[in-house]
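J.: I'd like to go over a predicted model; first the sequence, then the structure.
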Amino acid sequence: MATRASAAAPAARRCSYVVALLFLIALAGTSSAQLSTGFYSYSCPGAYGAVKSVMQAAIAKEKRMGASILRLFFHDCFVQVRRRAHTIGLARCTNFRAHIYNDTDIDAAFAKTRQSGCPSTSGAGDNNLAPLDLQTPTVFENNYYKNLLSKKGLLHSDQELFNGGATDALVQSYVGCQSTFFADFVTGMIKMGDITPLTGSNGQIRKNCRRVN
């Protein structure tokens, strides 16, 4: 017979999953008549408080969780676009190997440092991790953009944001004013949440988000 503690554990996990799901749903916009940003304010007034407390506890336990939740929301809303919130979190060697060995728009010393933990041979150290933000990988702020000015973006797609193109001026504005970055980030997340969601039998829950089942 299961003890009270062992029986409670699965229930607690289920509760956490439900709360996390509510978090994502709550961020969804008003593009569909079936969804609204204020739905839980009257149907379940305690939902937002529960979501906030669980998220705070999860991030306090594992700092990388903040980046994971943001990434989950991004891909849930915007699976057709890959550019993206990399001011927090970590990346696997397999995702930045080509950039640190083959690209020229990267600081040489920075590339050498990252090469020490990411061998050039595929299959060797593929899961080794490196911070997306060199200075403060667990703090949400604008150092990520400062790194780009110094050609210290970890991913190829990161450095492309500051590489002589149309987004250079935007990167520089975020470096000069962190509050501008914060404001634009909020605006961008809300716009993504407002993308018309597929409901009912439309669309599918993908097994691999990169392609249809």
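T.: Everything's here; your move.

J.: break the protein into its domains for me.
T.: Domain assignment of the chain by the TED database yields the ranges 47-76, 78-194.

J.: buried sites along the first one?
T.: So that's domain 47-76. Within domain 47-76, the residues scored as buried using 16 or more other CB atoms under 10 Å are 47, 50-51, 54-55, 58-59, 65-67, 69-70, 73-74, 76. Backbone N, C-alpha and C define where each C-beta goes, glycine included.

J.: is Asn127 in contact with Cys93, as I believe?
T.: Yes - counting by CB atoms under 8 Å, Cys93 is a contact partner of Asn127 at 6.9 Å.

J.: more crowded one of these two?
T.: Using other CB atoms under 10 Å, the more surrounded residue of Asn127 and Cys93 is Cys93, with 20 against 7.

J.: if I look at the more buried one, how far off is Thr136?
T.: Separation of Cys93 from Thr136 (CB to CB, to the nearest Å) stands at 21 Å.

J.: could you do Lys52 as well?
T.: According to CB to CB, Lys52 stands 23 Å off from Thr136.

J.: next one: Cys118
T.: Going from Cys118 to Thr136 by CB to CB gives 21 Å.

J.: ok, the two, which is more surrounded?
T.: Shown here are Cys118 and Thr136; by other CB under 10 Å, Cys118 has more neighbours (24 against 14).

J.: tell me which helix or strand of this structure sits lowest on mean pLDDT?
T.: helix 4-27 (a mean of 47; mean pLDDT, DSSP states H and E).

J.: name the residues of whichever helix or strand comes after that one that are buried.
T.: Next along the chain after helix 4-27, taking DSSP states H and E as the criterion, comes helix 39-43. When burial is assessed from 16+ other CB under 10 Å, helix 39-43 yields the following buried residues: Tyr40.

J.: same check on stretch 114-126?
T.: Within stretch 114-126, the residues scored as buried using 16+ other CB under 10 Å are Arg114, Cys118, Gly125.

J.: then stretch 189-207?
T.: For stretch 189-207, the buried set under the neighbour-count rule, 16+ other CB under 10 Å, comprises Met189, Met192, Gly193, Asp194, Pro197.

J.: and what of stretch 91-109?
T.: Buried, per 16+ other CB under 10 Å, within stretch 91-109: Ala91, Cys93, Asn95, Phe96, Arg97, His99, Ile100, Asp103, Ile106.

J.: thought the fifth one was touching Ser122?
T.: Yes - in terms of CB under 8 Å, Arg97 counts as a neighbour of Ser122; the distance is 7.4 Å.

J.: now the strands for the protein?
T.: Using DSSP state E, the strands of the chain run over residues 90-92, 129-131.

J.: show residues contacting the last one.
T.: Spelled out, it's strand 129-131. Applying CB atoms under 8 Å, 6 or more residues apart in numbering, the external contacts of strand 129-131 come out as Gly89, Leu90, Ala91, Arg92, Cys93, Phe96, Arg114, Gly117, Cys118, Pro137, Leu154.
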